[in-house]
Structure formats: structure tokens, C-alpha cells
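Peer 1: when you get a sec, could you give me coordinates for this:
(3 chains)
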Amino acid sequence: MVKENSDNWLLRVRGLTKIYGEPISNSIRYTGPKFGTNQCPETDAIVACAEIDFDLNHGEVLGLVGESGSGKSTIVQLLYFDQEATSGDVKYRGFERGDTNLLSVSNQKKRYIRNHLMGMVYQNPRDGLNFKFSAGGNIAEKLLMAGEFHVGRIRERASSLLERTEVPIPRMDNVPSSFSGGMQQRVQISKAIANNPPLLFLDEVTSGLDVSVQAKVLDLIRTLQRQLGISMIVVSHDLSVIRMLTDRTMVLKNGRIVEAGLTDQILQDPQHEYTQLLVSSLL
Amino acid sequence: MITTEKFSRSYNYAFIDETTKKEIRRKILKGVAIPGYQVPYSSPEMPISRGWGTGGLHASLSLIGPNDTFKIIDQGSDASVNACNLRNFVKRMTGCKTTFDTAEATIVQTRHRITEEVLTDKQIIVFQVPQPEVLRGVERFEFKTRQMHAEADYAKMWVSLYESYVKFGAIMRGAGYPVKVNKRYIMTPSPIPRWDVPNLSHSDTLHVFAAGREKRIHCVPPHTLVEPLEFEDIKFRVEEFEGIRCSVTGEGDAFMDEIYETEGSRKHVINDSNFLDKLREGPRPHQRLFTNPQS
Amino acid sequence: MSQFLEVTGLRKKFLMHILNDKNIDALEDINFSMEEGEIIGLTGKSGSGKSSLMKCIYGTYLVNEGSIWYESDTFGRIDLVAASEHEILQIRRNEMTYCSQFLQVIPRVPALEVVGEQLILDGVGHDEAIETAKTFLDRLSLPQELWDAYPSTFSGGEQQRINVVQAIISSPRFLLIDEPTASLDVKTKDVVIEMILELKRNGTSVILITHDEYTLEKLADRQLKLVDGKLQELATA
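Peer 2: Residues are numbered from 1 along each chain as shown, chains lettered A, B, ... in the order given. Coordinates of the predicted model:
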């Protein structure tokens, strides 16, 4: 599925697999779109995602699309170390020249990678923000973890990030629970990009928002992508989000990639039965 | 009738049985080997409730011998009820000498103060610690705080200091100001005032922190770097007693208690009772004083 | 010297799984080639496969058989059918632009930003890009009060103009343009034609789809006519 002739990759993922429960050798063989399930018929183990292969290039935006339970969120959670992968090989150019499998490094190194080299924006702001800390404190957390211990500079950086994401700066010292959903999401984005990570994961970031707010958040993400050249993996069940943000798309079903291609190709010339169904359901 | 020598006395020397004392000493040694790391220990049953100084007693009684001189202070005072009771208990269980004189003691047990008079390499100071987990305020789960220590992930601690500064314009930690030991572990110095915190660093004395209820011991060995957490632009400061003099001795440069008279007026008295006594009787004992940075 | 673009034995069919595996033949055995700097007009009735052919070249449609050899600046001679997604993306970014009949933009982004975006991507400064965008919109007489408005709320003709400017503002090397003059008035139509001719003078090669005889006559060096997915005749303008 992946053509190996590209040497401009930032993230290279091979055989990424996550199984809950007791996997046996047949768990992968008897699950997937062919069987219409991700539950192993023998042990009831759940194959959340299996044999995921892809390359993400510098500055590229990759979309992951599929229904609930297709494994699309699992993939970014594995890559961001929120969950531990069952197996797989993940190389990242930003870390040790891309020679090391990220899945096998120590927790301390994983934390370093999360804090310095990656950012994540979750669907639920409570997953990405600490609601006991102020908006500025949340951004400060990322900066402190990256070794910035100057309060003045932290506040300067937090202000400029909030300004960029259009959060009123006077609200900087308020707790996120006093913010609207769209604003919480923008604070989350500020936090995620605080250390200028080359790679950002976006997990259903606009799903909980009003349509009017959605457009602004999408525009913000796109502008940041263009201005900062961040590579992104965008998880969404919403094809219009995928269309607006991504260059390439992978379609997932029952934990497997059923189709991958250029986003306009996936949307206009879908090959797989499931993708055709998905695209024809687009309003 | 039991007639053997072993059971002829009602209690073992220093109350705790030898095996357990050995265990506690081993845990103290481990704490010395890993400065600032919280070592779990047995915390055996004592004739007082856990949380009333049992940790301090465990450490003191496992270290003490017949030639030691024991001093115990509670918030700087040798004469508080708690200090007196514990002193009597230790004396009865060990027959050792006790003293009020800081310089004379070989083991000083303390609740929430370090003596004003500088301690030497011949002395050990044992702190009673109510809550040994410095991260408890930012993370309620023990398994998580242990992981945070293991991975030196102290971001939440730092954010809480940042938040304190943003809300109040200063890092509001009156007692138990968090410190980083030997550039690795963050630990609580027990609820001593900020005034005492700088004295932990590169001191000649072994500091043993013991929490009986929480069953943890941590140590700061002599000559170890202890740094209060501070930002590059927001520095750690000790309490300021500028222009304030002790109403008994007329002296300054010591941690002061604030006393309100019945008619509402206010006066200050030096908190460390033995230090105050020595000031009244003779030359000023040797102190280590910390100067606040220019603000 | 090899051709700028060389299409051989191209075949495209759609297999519709959701319509009981219905097969639709869109293009059959398409062969043609193109010189650098040429403007080729694709003509034919609706449904004859003009847009399909264009989308096959652009990579939006996957090709079933045949090859599309393209003399690329970035990679040299490359078969777009066999090229990797990353290569196609890079070619799109650097040299090939596709302008569809329909405007697709993020809602609530002002017209000037939409139009200037490609320039900014090419590394032009924001202010300069916006200035260039202004001159283009001005030439196409898009009313000034619309410059800061959101294109998704525009009329068909206004959207069309945004669409055209978006495609040509950064002078692509290879332009695929679908009905650029369909809903424009005569005067604006002439401006668009002039703009495309300017690109040609600067070396751009163009494949153009249009139903409009006037546009075709003014622009196309050569015409290719599609009938039911087959190339019928080659005519010179």
C-alpha cells in the first residue's frame, strides 16, 4: 500500500497493532473488514487496529477517516503514547535521526518526545487541558516541561500563542472551565503548539463544536499549518473536515486501512466498497 | 513463669525490637544513598498514635544509643507538651541524656523547625513529617506520583508554583516549600518555614525525614545540594523580619513568633527557645543566615 | 526531445460497489501528446469524459490502464499513473494546478486570503501576496466591498472569478482549467482570456475545458474532442 520511494518522511509507521485482551495468532487473521468485526472469534480479544503502515512527510497533512470503533483514534493515541502499542515500528525523523523505534524507548524518552517533538489536540478539552490550571498555566506546563523557567518569558509566549489562536489575552489567567467550547479548543491548540512541534495530532477537534465555531477552528488549524509548516494527522469521521484540511487520507474499517490515497481521489474516485458508501453518505 | 533473661525486662532497649531497628536503619541508609527519595519502611506500632510524631520516634530510637544526648523541639520549643512527653518516653526507654542545649545534643528530633544554631557533623536531625509526598497537592494518586518521581516529571509541581505566582504575585508556600535535592528528586522539607529551607543545603549534618503514618523515610545527607524551586525571574525568598526585634532579647536575624496581647497590640519573640535562652545568657551562637535576592 | 505530456492507452472505468458492482466506462484508449507552452482545448458533450480525463491527469481519478508521461520540473520525466502520492502532491505544489468548475473553500475565510494563499505557500510575504491578490481581483472587476467577504456566500459568477484567480495567481507551469468563463459576462471573459494568454506567454502549458466557442477560439492552439469517452478527432484551431 505504501510506495517506498519517498525519502522525505517525517514519521514512518509499520505494522502498528493494538490488541485488547488475549490475542492469539489467529486474532488478526479472523478480524478486519473482511469479517466485519474487530473481535477475535476465539478469545474475544479486540483488535483495535492492526498492521497499520504509512509514511507522513514533512509538512504533510494526513487524514484518518472511519466510523466509531474503526481504530482511527487508537492510531494517534498509540503514536502519542497515550496507549501502549501491542506491536509495531514507528520511526520519527525528529528523534535520534529516525533510527529508533519510538515504541521501544523508555518512558522518560517518550515523555521527552511528547513534550518537545509532538502535540496533541483531543476532542474533549478535558483530555488535553488541566482544568485546575489557568489557560496560561496549561501553556506554561508545556513550556516548563521543555525547560523554560522564566515566568516573564513564559507569559510572553503564552500571550502570543493565545493571540494567534484568537483567545482574548485578558482571559489568560482564567480556568478553562469558564470558557466556551470553541475557546477551550483554541487554548488546547495553543498548548499543543507551544513548543513548535514538527508533528501535531488532531483527534476529532471540531466534533463537539457548533457549526459556526467549527469553521473558525478549522481555519485556524489550516493557517497554523501553512504558517508553521507543521505535519499533521487529522482524525475525523467528518469528510468535510478531511476535505478541508488534509492532503492524503486513509480510510479505516474494523481496525484496518481499507483504502489510502490523495484526499481528492478518496472523495471523488473511491475504490473500496466501504469508502464508496462513506462518500455517498456525505451530505 | 517465664524466667529467661530475654523476657525479664518489659521492653527492648529503645522500645523497638532490634530487627525492626535494623530495618529502619537500613532504610535510612538507603535514603542517604538516594537523597530526596522516599523509602518505604515498616513503621511499627508505637504507644502513641501514628501521625503524632511516630516517624520521628522510629528514626530517633533506631539511631540512639546509651552515649547519645537527645534533644527534641516542637515548633522551636523544647517545652511544648508534645516535646516533653516524647522526651520523657525516649529517656525512659533508653536511659540516655537529654538536653535543651542545641550544641550539646547528638540527636535532635524536631517538628517543623530547624534550630537557629548551626548543627555540626557530630549531630543528626530527625524531622517529623506529616505528608512526605511533595506532589500530593497536584496529584492525588500514589501510583502516579511514584511514576512522576521515577521519571523526574515535575511539570505539574512547577505549574502550581506558576499559578500561585500569577494569582497572588508571589509563590505562596508558607511552610514545606518544595526543594530539589542533588538535582534529582523534589521533596518536601516537612512543614518548616522558608526561613529554615536554605540551611538544608550543604549542611554538615545528616537530615532524616520520617513520616510514621505514611510509612516513608527520606534523607538529605551532609554536604548535599538542596535547591528551593524557583524561576529564573521569580526567586525563592525567606520570611522578612526587617526592622523587627525580639521583645525579650532585643535581637533580630532569627525566625520570629508574632504574639498578640489581649489589648490587641503585637510583639515578636524569637521562636527557637534554646537560641533565645543563649542570647539572653551570653554570646550569639553561630547561625547560617540567608539573604533574600534584590527584588 | 520528449513531449511535455504524453498520454498513451489511457482507460478509466468506475466500479460502483454500492450499485451492485455496476461498471461505468468513462475513458477508453486515450492517446495524445502535448508540447510545452501549448493550450489544448478539450471539447465534447456533457458526460463525454472531459473532466474525467483532466482529473486522471491531476491524480484525482485513479487510472485503470495506460500511462501519463509528464516532463516534470521536480522529478524529470515521470508517469503520473505510477507516481507515488507524495510525488503527485509535490508536483501539484510546485508546478501543476487544477481549477474546477466549482469553488471549494473553507467557510469564513475572506476572498483576499483565499486568493493570496497559494502565493504565501510559494513563499511570498503575506502583505505582498494580498497586494497581488488585489490587482487580480481588480482586473476581474470583483467589487471592492467583496474583497473582505467570504466567497462561499458569493454568486456563481463571483465565485467563478475567485476560482480562476486562485488557480492562475501563482503562474503554474501546467494549468488544468475547467470552464473558466462559463458564468462570466463578456468583458470579464475577455480579461480571463487575456490572463491565460499572459500565462502562456510566460511558458505555461494549459489544458482547457470549455463549452464556449469564443473562449475556445481565442485560447486553444489545438482541440481534442471526446465522444463517449473516446478521443474522436484532432483539429487545429
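Peer 1: pull the CA atoms of stretch B:221-233 into PDB?
Peer 2: Extracted in PDB, the C-alpha atoms of stretch B:221-233 (Å, rounded to 0.1, in the frame of the first residue of the first chain):
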ATOM      1  CA  PRO B 221      22.900  13.700  53.600                       C
ATOM      2  CA  PRO B 222      25.600  16.200  54.700                       C
ATOM      3  CA  HIS B 223      27.100  18.400  52.000                       C
ATOM      4  CA  THR B 224      24.200  17.800  49.600                       C
ATOM      5  CA  LEU B 225      22.900  20.500  47.300                       C
ATOM      6  CA  VAL B 226      19.300  21.400  48.200                       C
ATOM      7  CA  GLU B 227      17.600  24.000  45.900                       C
ATOM      8  CA  PRO B 228      14.200  25.500  46.600                       C
ATOM      9  CA  LEU B 229      12.200  25.600  43.400                       C
ATOM     10  CA  GLU B 230      12.400  29.000  41.900                       C
ATOM     11  CA  PHE B 231      12.000  30.600  38.500                       C
ATOM     12  CA  GLU B 232      14.700  32.500  36.700                       C
ATOM     13  CA  ASP B 233      12.900  35.700  37.300                       C
END
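Peer 1: near the spatially closest residue to residue B:293 that is not a sequence neighbour, how many other residues are there?
Peer 2: With sequence-adjacent residues excluded and distances taken as Cβ to Cβ, 6 or more residues apart in numbering or on different chains, residue B:293 is closest to residue B:235, at 4.7 Å. Using the backbone N, CA and C atoms, a C-beta is placed for each residue, glycine as well. If you count neighbours by other Cβ atoms under 10 Å in any protein chain shown, residue B:235 ends up with 13.
Peer 1: look up how far chain C lies from the closest residue to residue B:287 other than its chain neighbours.
Peer 2: Distances taken as Cβ to Cβ, 6+ apart place residue B:116 nearest to residue B:287, at 5.6 Å, with adjacent residues excluded. Distance, residue B:116 to chain C, by Cβ to the nearest Cβ, to the nearest Å: 63 Å.
Peer 1: so how far is residue C:41 from residue B:116?
Peer 2: 96 Å (Cβ to Cβ, to the nearest Å).
Peer 1: higher neighbour count, those two?
Peer 2: Legend: neighbour count by other Cβ under 10 Å for residue B:116 and residue C:41, higher for residue B:116 (27 against 22).
Peer 1: so what's the more buried one up against?
Peer 2: By Cβ atoms under 8 Å, 6 or more residues apart in numbering or on different chains, the residues touching residue B:116 are B:254-255, B:270, B:272, B:275, B:285, B:287.
Peer 1: residue ranges of the helices in the chain, please?
Peer 2: I went with chain A, as the question did not name one. Using DSSP state H, the helices of chain A run over A:25-29, A:72-79, A:107-112, A:125-128, A:135-145, A:151-164, A:181-192, A:211-228, A:239-245, A:263-268, A:273-280.
Peer 1: you looked at the wrong chain, it should be chain C
Peer 2: Counting by DSSP H, the helices of chain C are C:50-58, C:85-94, C:111-121, C:126-139, C:156-168, C:186-201, C:213-219.
Peer 1: and for the fifth one, what's in contact with it?
Peer 2: By Cβ under 8 Å, 6+ apart, the residues outside helix C:156-168 that reach it are C:97-103, C:105, C:111, C:114-115, C:117-118, C:133, C:136-137, C:140, C:142, C:146, C:151, C:154, C:175, C:177, C:180, C:182-185, C:188, C:192, C:195-196, C:199.
Peer 1: from the residues you listed, list the buried ones, please.
Peer 2: C:97-101, C:103, C:105, C:111, C:114-115, C:117-118, C:133, C:136-137, C:140, C:142, C:146, C:151, C:154, C:175, C:177, C:180, C:182, C:184, C:188, C:192, C:195-196, C:199 (16 or more other Cβ atoms under 10 Å in any protein chain shown).
Peer 1: tabulate the helices of chain C (CSV), appending distance to residue A:135.
Peer 2: Conversion of the helices of chain C to CSV gives the following (distance: least, Cβ to Cβ, whole Å):
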stretch, distance to residue A:135
helix C:50-58, 43
helix C:85-94, 35
helix C:111-121, 27
helix C:126-139, 27
helix C:156-168, 36
helix C:186-201, 47
helix C:213-219, 54
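Peer 1: out of those helices, nearest to residue B:196?
Peer 2: helix C:126-139 (56.4 Å; Cβ to Cβ).
Peer 1: that closest one: which residues count as buried?
Peer 2: C:129-130, C:132-134, C:136-137.
Peer 1: for stretch A:56-67, measure first residue to last.
Peer 2: Taking Cα to Cα, to the nearest Å, stretch A:56-67 runs 22 Å from one end to the other.
Peer 1: tally of neighbours for residue C:113?
Peer 2: 21.
Peer 1: for chain B, what are the nearby residues on the stretch 151-283 of chain A?
Peer 2: A:151-154, A:173 (Cβ under 8 Å from any Cβ of the partner chain).
Peer 1: circling back to that earlier point, turn the helices of chain C into a markdown table, including mean pLDDT.
Peer 2: Shown next, in a markdown table, are these (pLDDT from 0 to 100):
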| stretch | mean pLDDT |
| --- | --- |
| helix C:50-58 | 95 |
| helix C:85-94 | 92 |
| helix C:111-121 | 89 |
| helix C:126-139 | 92 |
| helix C:156-168 | 89 |
| helix C:186-201 | 93 |
| helix C:213-219 | 93 |
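Peer 1: among the ones you listed, which is nearest residue A:125?
Peer 2: Short answer: helix C:111-121, nearest of the helices of chain C by Cβ to Cβ, at 27.1 Å.
Peer 1: what is residue B:216 paired to in the beta sheet?
Peer 2: With DSSP bridges as the criterion, residue B:216 is bridged to residue B:40, residue B:211.
Peer 1: for residue 195, give me its contacts.
Peer 2: I went with chain A, as the question did not name one. Residue A:195 sits in contact with A:115-116, A:119, A:142-143, A:146, where contact means Cβ under 8 Å, 6+ apart.
Peer 1: look at chain C instead
Peer 2: Contacts of residue C:195 (Cβ under 8 Å, 6+ apart): C:136, C:139, C:164, C:168.
Peer 1: on that earlier part again, how about the contacts of residue B:116, which pair is most distant?
Peer 2: Spanning the widest gap among the contacts of residue B:116 are B:255 and B:285, at 14.0 Å by Cβ to Cβ.
Peer 1: please read off the pLDDT at residue B:5 from the model.
Peer 2: Predicted confidence (pLDDT) for residue B:5: 62.
Peer 1: kindly apply the preceding question to residue B:162 instead.
Peer 2: 95.
Peer 1: now do the SS call for it.
Peer 2: helix (DSSP: H, G, I helix; E, B strand; the rest coil).
Peer 1: neighbours of it, how many?
Peer 2: So residue B:162, with other Cβ under 10 Å, has 26 neighbours.
Peer 1: next: residue B:223.
Peer 2: Residues near residue B:223, counting by other Cβ under 10 Å: 11.
Peer 1: surely it is in a strand?
Peer 2: No. Assigned with three-state DSSP, residue B:223 falls outside any strand and is coil.
Peer 1: contacting residues around it?
Peer 2: Per Cβ under 8 Å, 6+ apart, neighbours of residue B:223: B:202-204.
Peer 1: what stretches of chain B score poorly on pLDDT?
Peer 2: Residue ranges of chain B with pLDDT under 70: B:1-9, B:295.
Peer 1: residue A:22 touches residue A:45, doesn't it?
Peer 2: Yes. Between residue A:22 and residue A:45 there is a contact under Cβ atoms under 8 Å: 5.2 Å.
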